[in-house]
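Trainee: let me see the structure of the following:
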Amino acid sequence: MILSTAALLREYGASATSIDQVLAHSGAPRGSVYHHFPGGRTQLIDEAVALAGDFIAGLLDAAMQADDPVRAIDAFFVLWRDQLVESNFRAGCPIVAVAVETNDEAPQLARSAAAVFARWQDALAALFLRHGLTEARSRRLGVFIIAAVEGAVIMSRAERSTAPIEAAAAEIHDLLLYALVGRPGATDPWPRP
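Mentor: Below is the predicted model:
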């Protein structure tokens, strides 16, 4: 049910993700929702946000081991581009889906989304710090990259095109090459004319 919730959040957003949709998508019996999720829909969405956050954090943790942070970030953009194409531009980030909606009845969902974004930013900052940037610059780049990826995913979905995410990836690539002076250049995943 948590995986189904995350998948539905990616495509339809938080307000359109209902218990009925989760049950239909997952095939779970109705009684299992309140047995496993006594907090109902809010708990289910909160746990889906945590699961999705953990998934991306795992990718970022793997990037932490990379010898070339530019290639690691290039790969992160490629992953998002591929997910957009594979879903025919229907699937975005479930964290964004929760973060952008006002939910006065469940303000903890916005806090959960903020915590996930902070975790991702911290992971990226640690990567850049490990590769010689100052803590302040590393933190700014972490924030900037998450904002660029998420914004590019949203724009790509709206335009039904990979152009926004490819443009963001190329600019981040060049920015990182410049910021990480002395690093060998990684191959640009989207060569420009």
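Trainee: quick check, residue 133 in contact with residue 179.
Mentor: Yes: counting by Cβ atoms under 8 Å, residue 133 does reach residue 179; the two are 6.3 Å apart. Where C-beta positions appear, they are placed from N, C-alpha and C, glycine not excepted.
Trainee: pull up the overlap in contacts between the two.
Mentor: The contact sets of residue 133 and residue 179 overlap at residue 141 (Cβ atoms under 8 Å, 6 or more residues apart in numbering).
Trainee: sec struct for the most far-flung residue of the chain relative to its centre, please.
Mentor: Largest separation from the mean C-alpha position in the chain: residue 31, at 31.2 Å (Cα atoms, centre = their mean). Secondary structure for residue 31, judged by DSSP: H, G, I helix; E, B strand; the rest coil, is helix.
Trainee: quick check: it vs residue 1, distance?
Mentor: Distance, residue 31 to residue 1, by Cβ to Cβ, to the nearest Å: 12 Å.
Trainee: all helices for the protein, in order.
Mentor: 2-12, 19-26, 30-36, 40-64, 69-86, 94-99, 108-130, 135-159, 163-179 (DSSP state H).
Trainee: most tightly packed of those helices?
Mentor: helix 94-99 (a mean of 24; mean count of other Cβ atoms under 10 Å).
Trainee: packing partners for that one?
Mentor: Counting contacts by 3 or more Cβ pairs under 8 Å, 6 or more residues apart in numbering; DSSP states H and E, helix 94-99 packs against helix 2-12, helix 40-64, helix 108-130, helix 135-159.
Trainee: can I get the helices of the chain in JSON lines including mean pLDDT?
Mentor: Compiled in JSON lines, those are given as follows (pLDDT from 0 to 100):
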{"stretch": "helix 2-12", "mean pLDDT": "85"}
{"stretch": "helix 19-26", "mean pLDDT": "87"}
{"stretch": "helix 30-36", "mean pLDDT": "82"}
{"stretch": "helix 40-64", "mean pLDDT": "82"}
{"stretch": "helix 69-86", "mean pLDDT": "91"}
{"stretch": "helix 94-99", "mean pLDDT": "87"}
{"stretch": "helix 108-130", "mean pLDDT": "90"}
{"stretch": "helix 135-159", "mean pLDDT": "96"}
{"stretch": "helix 163-179", "mean pLDDT": "95"}
